[in-house]
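Engineer: using only what follows, build the 3D model:
(4 chains)
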4 protein chains.
Amino acid sequence: MRFMSDNAASVHPKVWEALRAADGVDSPYDGDALSQRLDARFSELFGREATVLWVATGTAANCLALATMCPPHGGVVCHREAHIEMDEGGAPGFYLHGAKLLLAGRSDGGDGAKLTSQAIRDVIDPIRDDVHQVQPHAISITQASEYGRVYRPEEIAAISQLARERGLALHMDGARFANATAFLGGSAAEAAGDIDALSFGCVKNGGMSAEAIVFFDPALADVARYRRKRAGHLQSKGRFLAAQLLAMVEDNLWLDNARAANAAAQAIAERGSERLMHPVEANEVFIRLSPDEREMLRGIGYQFYDWGADAARFVASWDSDPGEARALGQAIADL
Amino acid sequence: MRFMSDNAASVHPKVWEALRAADGVDSPYDGDALSQRLDARFSELFGREATVLWVATGTAANCLALATMCPPHGGVVCHREAHIEMDEGGAPGFYLHGAKLLLAGRSDGGDGAKLTSQAIRDVIDPIRDDVHQVQPHAISITQASEYGRVYRPEEIAAISQLARERGLALHMDGARFANATAFLGGSAAEAAGDIDALSFGCVKNGGMSAEAIVFFDPALADVARYRRKRAGHLQSKGRFLAAQLLAMVEDNLWLDNARAANAAAQAIAERGSERLMHPVEANEVFIRLSPDEREMLRGIGYQFYDWGADAARFVASWDSDPGEARALGQAIADL
Amino acid sequence: MRFMSDNAASVHPKVWEALRAADGVDSPYDGDALSQRLDARFSELFGREATVLWVATGTAANCLALATMCPPHGGVVCHREAHIEMDEGGAPGFYLHGAKLLLAGRSDGGDGAKLTSQAIRDVIDPIRDDVHQVQPHAISITQASEYGRVYRPEEIAAISQLARERGLALHMDGARFANATAFLGGSAAEAAGDIDALSFGCVKNGGMSAEAIVFFDPALADVARYRRKRAGHLQSKGRFLAAQLLAMVEDNLWLDNARAANAAAQAIAERGSERLMHPVEANEVFIRLSPDEREMLRGIGYQFYDWGADAARFVASWDSDPGEARALGQAIADL
Amino acid sequence: MRFMSDNAASVHPKVWEALRAADGVDSPYDGDALSQRLDARFSELFGREATVLWVATGTAANCLALATMCPPHGGVVCHREAHIEMDEGGAPGFYLHGAKLLLAGRSDGGDGAKLTSQAIRDVIDPIRDDVHQVQPHAISITQASEYGRVYRPEEIAAISQLARERGLALHMDGARFANATAFLGGSAAEAAGDIDALSFGCVKNGGMSAEAIVFFDPALADVARYRRKRAGHLQSKGRFLAAQLLAMVEDNLWLDNARAANAAAQAIAERGSERLMHPVEANEVFIRLSPDEREMLRGIGYQFYDWGADAARFVASWDSDPGEARALGQAIADL
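Structural biologist: From the prediction side, this is the model:
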């Protein structure tokens, strides 16, 4: 009964189907018919002109997007618990050639790892406009956040407005964008808001090896094409990445999968609300559990990560068994 | 009848089988059971201790390997027509942080894009040992070469010896290593020789999205692990890359596929030997054809790349139809 | 009456003398007789084998030193208020190719911007030893610190021991190393402790345009030579940089200048001790002053920087007028 | 009797005077009165709006300029014997974050290391406009060239026109711009032509430690300011660099010095014209001399560099003794 992460979940049958259907010879790289369909399909999904590049990982998606927004001597504002700061092995430093992450937000988890326009101002306003300090060029926010919290449209709008005022580009890390969109009601446009680029997650949501960088500014996409090749991320059989992404957005598979994962997370959380560290809005549950309690749950067969000394993180995925999730919720209630 | 490149060929059924068998939940990244088997399997294949990292592309494989061998202020000797110089969009400059490719060999194709120890000496001997000039730290050779030529064991040995004498690391770009090995008789150890790391190709040989970096020096592999993550190449469902590589080396599928491709290339070439620009040793055929002749062949339905003004390149792959290859050979003979 | 910074102070007459004496033709770069004397002279000064490279700025000295200690995928622990983090325009990101500064110490100034071995452990102990997190490779401390605090030999020893235990290199930013050494009694060896490289400041202490990187590990110096040229810091008339450094350490000019600056700082501080934010150990005085009080002092003719809303920073230099410093101290007492 | 290089020549008395006059306290970095005068002074010199940044070396000047013109994934066309390719220790790779030098021109010295618009076309026209090949973003030419050849205004105009047509920025390495300008008759505007930035040399021409980057596009200068600090090239006592540059252009000292150097080169060359490898247009003389002949000249006391097996390079500087130069010319004639 595995609730460690959604990142190693199984691949959805419809994705397998699409992969098989994509075989046979076609043009290499992104010249194939499937890759050529991505722009139109995602433009439709977001209700605005989009240019889409596939890559294999969220780290590559985030860092390629940011590399188009910030020069090597600049900075990117992000939450101090953002994935790009904490868990990407220094990839932003590599892709952005030494540009700096400017860390904002609370360090105690109190903001659920979500930025506010005020938290961003608190970081950029004290920066002297001189060459001795790294100047901000972009903002990166995460939808849903590291703690499974979801930005509401008006929250994104406030950040977006600040970004426009200050001439900063705005990126959204959407490794779990599907879960956030499902939570907000299903509109991709609403869940994204007025941003310049989105890392649209697929691997954690039933895909195998494809993420999309969705650019809403075609000039950024033009740069990203060169940077993708230069980073060794232009796969020659790109049709297999495009196939996964198309399968995902076909018939709303991405939302169905996310809803299943979100529901499982709710099932885990629902009877232990007084123990929750954060409201459960996506597919992650952070819950206070003593070492003994965690040992007990592991004894029954649940797998999950410790979160510091007194808590645990459970992550549901599209293929989580609803019964197992409910039983886990009950087991927590019974502790 | 497509002979444009092997890089977009179809995926071998045994690879598909292995991919399907790899699904189901396992540890993320390279913690899964399949990834854990790679070192042993490739050590066996090469008859020496090997440490193996999967990545999605040959560009990533080459550049990650080289990044462990050469500091940012150093240089890597390679042939002036090597893939890393000509066709990787500047990836070596990115991964090696501005290190320089030191170009060796003939520019007229006369050496088949193969380096000799003498050609390497011609480049490194004139470099003054001072800080004004970029010093060599590594050598990269390509097996088979850009013109489908295969290094003989004694040729590699001579280069390898020079590398040891000068304290240079030695990398082999083996995007078509299988074809070279098949040509040489089937011994991976012999086709590789005494090198420090090999980019072991799989995508062009019936794989979908996996290449192996085979390190024969574990210290280099330790560095590469961090660099792989930092480059966004550590896929979370890494089991699917490991599966492809294991399927390839299982029961010599890699050699069977390469032999099929090589045989098809021979069939294309055999009746037009007087037109050949290079001896055909792997799966590529470079052949002198006038514009009119190329038009004629295209009229019949053959697809291929022009090679300059008066020649064409045909590449066979594991799934090339032997009959089509023979017919193409005949059509060339009939011109 | 200028107490803004020591970084624009005038050049000491003995430095001028040395500069003039250095003219006339000699070998370019660092092949001249003066540059060739540096190793011996600084080895004598520190009582241990030293290899010395001149550069023009402290930023170059710090970042070149660190670039020899930390690979692009690694991290350097420093205080969160260190110059390399706050005021070098992202130079560490440039010189270290995207390596990361791992910030330690208090953010409220309570530690005087000095690190302790405990503060370093607090940062590095939670780093998981996996590829997702940037691993520490070096530590950088500042002697005297950003707040003019001086590390005592036993404090350095504790950090140095931790560094050895964890396999981390240890760098000291000594832009005001002279002031720290003067405070500690005059022994360069004692003020430096067991470190791998020191940025030995000269510009703030009566020099014109030279700083020394003093390497106590010759292997690091060998790398730095290439990196210095590559950074455009190998001046062709290097004799003029060497001349400044030699003049500085001749007859203890560096300590005499530092003692003068330190004494001026004491004179500023001595009657206002209850207002001091930090003990005055070098040549900087941080003192609580209301906006009105600052205006009053400026009205009399004193020039200095505000330090936040309720304080000011005064920096004395070798050429500060002792009378002006005393008068400033009195003026503060009279407020 | 030293004719090895102009790069270690003595400092001109007027530069010394200016240096001394610049002492005394002023604002740090480039906030001082002298630095503030540079834009106006060079705008006047070139007869068009110029923005000027000082740096300590030609390598820094060249690479900072180019870094504003070419993204990390791009390329810069230069002559294969250009200083940035041959003698800057890989600095372009560092400053441009791995961008590539695209080498043009003849390798046999036959073009005097000068580019033509045709030679540039020969390199950029074959580059496929796809992501697999590095795309050109800028051109760098050297005035005077590595072989002391001077671009005529119409030659620069042809290159400049090509640059505009193709959307490429144009940089001029003017380490010996003064010598070229003196040769052409003294107009800086004419010797520079329609370029975007010039590395204006001063160190080789009687300066101590200052070069100017003259930007004719202020947007590039804005970027360069951040990059200069980030490269550790923003000296805190910048007034001493500005002073050197102002002294140079005051009363045409730069041209007087260059004329003296050029005249000395002419004196060396005039009786040995049949031995010259290149016409002498600036202050360098490349002359065919057998090993025995070189030994003989060295026996008399002349110092110079060998140039390959059968030639020598003599470089005159502003302080070359005219009598020594004439005597050297005679000695060569007498061989």
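Engineer: how many neighbours does A:Ile110 have?
Structural biologist: For residue A:110 the amino acid is Gly, not Ile. 10 (other C-beta atoms under 10 Å in any protein chain shown). C-betas here are computed from N, CA, C, even on glycine.
Engineer: A:Glu295 now?
Structural biologist: A:Glu295 has 10 neighbours, counted by other C-beta under 10 Å.
Engineer: likewise A:Met296?
Structural biologist: Residues within reach of A:Met296, counting by other C-beta under 10 Å, total 16.
Engineer: that one contacts A:Leu335, doesn't it?
Structural biologist: Yes: under the criterion of C-beta atoms under 8 Å, A:Met296 makes contact with A:Leu335 at 6.8 Å.
Engineer: show me the shaky parts of the stretch 1-150 of chain A.
Structural biologist: For the stretch 1-150 of chain A, no stretch is flagged by pLDDT under 70.
Engineer: all the helices of it, in order from the start?
Structural biologist: All helices of the stretch 1-150 of chain A, identified by DSSP state H, counting those that start in this stretch, fall at A:13-22, A:33-46, A:58-67, A:83-86, A:91-95, A:117-124.
Engineer: give me the contact list for the second one.
Structural biologist: By C-beta atoms under 8 Å, 6 or more residues apart in numbering or on different chains, the residues outside helix A:33-46 that reach it are A:22, A:26, A:29-30, A:49-52, A:54, A:188-189, A:192, A:200, A:212, A:214, A:216, A:238-239, A:241-243, A:245-246, A:249.
Engineer: longest strand of chain A?
Structural biologist: Counting residues, the longest strand found in chain A (DSSP state E) is strand A:135-142.
Engineer: pretty sure A:Ser320 contacts A:Phe3?
Structural biologist: Yes: contact criterion C-beta under 8 Å: A:Ser320 and A:Phe3 qualify, at 7.1 Å.
Engineer: could you dump stretch A:85-102 to CSV, C-alpha only?
Structural biologist: Extracted as CSV, the C-alpha positions of stretch A:85-102 are listed here (Å, rounded to 0.1, in the frame of the first residue of the first chain):
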residue,chain,number,x,y,z
GLU,A,85,15.4,25.5,-4.9
MET,A,86,15.2,22.3,-2.8
ASP,A,87,15.1,19.3,-5.0
GLU,A,88,16.5,19.8,-8.5
GLY,A,89,20.2,19.3,-7.7
GLY,A,90,21.1,22.8,-8.6
ALA,A,91,19.6,22.6,-12.1
PRO,A,92,18.5,26.2,-12.1
GLY,A,93,22.1,27.2,-11.6
PHE,A,94,23.1,25.1,-14.5
TYR,A,95,20.4,26.0,-17.0
LEU,A,96,20.4,29.7,-16.1
HIS,A,97,24.2,29.9,-16.1
GLY,A,98,24.6,31.0,-12.5
ALA,A,99,21.5,33.2,-12.2
LYS,A,100,20.3,33.3,-8.6
LEU,A,101,17.1,32.1,-6.9
LEU,A,102,15.8,34.9,-4.7
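Engineer: quick check, pLDDT for the residue nearest the centre of chain A.
Structural biologist: Against the mean C-alpha coordinate of chain A, by C-alpha atoms, centre = their mean, the closest residue is A:Ala175 at 1.9 Å. pLDDT for A:Ala175: 98.
Engineer: which residues touch the residue nearest to it when sequence neighbours are not counted?
Structural biologist: Leaving aside its chain neighbours, A:Ala175 sits nearest to A:Gly201 (4.1 Å; criterion: C-beta to C-beta, 6 or more residues apart in numbering or on different chains). By C-beta under 8 Å, 6+ apart, the contact list for A:Gly201 reads A:Gly58, A:Gly174, A:Ala175, A:Arg176, A:Phe177, A:Ala178, A:Glu211.
Engineer: ok, A:Leu245 next?
Structural biologist: By C-beta under 8 Å, 6+ apart, the residues touching A:Leu245 are A:Leu38, A:Val52, A:Trp54, A:Phe200, A:Cys202, A:Gly207, A:Ala210, A:Ala212.
Engineer: could you redo the last one with a cut-off of 10 Å?
Structural biologist: A:15, A:18, A:34-35, A:37-38, A:41-42, A:52, A:54, A:200, A:202, A:207, A:210-212, A:214, A:254 (C-beta atoms under 10 Å, 6 or more residues apart in numbering or on different chains).
Engineer: that one belongs to a helix?
Structural biologist: Yes: judged by DSSP: H, G, I helix; E, B strand; the rest coil, A:Leu245 forms part of a helix.
Engineer: now the strands: where do they sit in the stretch 201-335 of chain A?
Structural biologist: For the stretch 201-335 of chain A, applying DSSP state E, counting those that start in this stretch gives strands covering A:211-215, A:284-288, A:305-306, A:311-315.
Engineer: what count of nearby residues applies to the residue nearest to A:Glu284 when sequence neighbours are not counted?
Structural biologist: Take A:Glu284 and drop its neighbours on the chain: the residue closest to it by C-beta to C-beta, 6+ apart is A:Gly148, 3.4 Å away. Look at A:Gly148: counted by other C-beta under 10 Å, it has 27 neighbours.
Engineer: would you agree A:Gly148 is in contact with A:Gln266?
Structural biologist: No: assessed by C-beta atoms under 10 Å, A:Gly148 is found out of contact with A:Gln266, at 11.2 Å.
Engineer: for the two, list the residues in contact with both.
Structural biologist: In terms of C-beta under 10 Å, 6+ apart, A:Gly148 and A:Gln266 are both contacted by the residues A:Val280, A:Glu281, A:Asn283, A:Val285.
Engineer: one step back: common neighbours of A:Ser320 and A:Phe3, please.
Structural biologist: Common neighbours of A:Ser320 and A:Phe3, using C-beta under 10 Å, 6+ apart, are A:Ala264, A:Ala265, A:Ile268, A:Asn283, A:Phe314, A:Leu328.
Engineer: picking that back up, deepest of the strands of the stretch 201-335 of chain A, which one?
Structural biologist: The highest average neighbour count among the strands of the stretch 201-335 of chain A, using mean count of other C-beta atoms under 10 Å in any protein chain shown, belongs to strand A:211-215 at a mean of 28.
Engineer: give me the mean pLDDT for it.
Structural biologist: Mean predicted lDDT for strand A:211-215 stands at 98.
Engineer: domain parsing for chain A?
Structural biologist: Domain ranges of chain A: A:12-253, A:255-334, per automatic domain parsing.
Engineer: closest residue of the stretch 201-335 of chain A to chain B?
Structural biologist: A:Gly232 (3.2 Å; C-beta to the nearest C-beta).
Engineer: so which residues on the stretch 101-250 of chain A come close to chain D?
Structural biologist: Residues of the stretch 101-250 of chain A lying near chain D by C-beta under 10 Å from any C-beta of the partner chain: A:130-135, A:223-231, A:234.
Engineer: who are the contact partners of the closest residue to A:Leu53 other than its chain neighbours?
Structural biologist: Leaving aside its chain neighbours, A:Leu53 sits nearest to A:Ile213 (4.7 Å; criterion: C-beta to C-beta, 6+ apart). A:Ile213 makes contact with A:50-55, A:60-65, A:68, A:171, A:174, A:197-200, A:220-221, A:224, A:228, A:233 under the criterion C-beta under 10 Å, 6+ apart.
Engineer: A:Asp194 now?
Structural biologist: A:Arg48, A:Pro153, A:Ile156, A:Ala157, A:Ile159, A:Ser160, A:Gln161, A:Ala163, A:Arg164, A:Leu170, A:Phe216.
Engineer: which ones among those map onto helices?
Structural biologist: Taking DSSP state H, the ones among the contacts of A:Asp194 that sit in helices are A:Pro153, A:Ile156, A:Ala157, A:Ile159, A:Ser160, A:Gln161, A:Ala163, A:Arg164.
Engineer: count of neighbours near A:Ala113?
Structural biologist: A:Ala113 has 24 neighbours, counted by other C-beta under 10 Å.
Engineer: surely it touches A:Glu81?
Structural biologist: Yes: with contacts counted by C-beta under 10 Å, A:Ala113 reaches A:Glu81, the gap being 4.5 Å.
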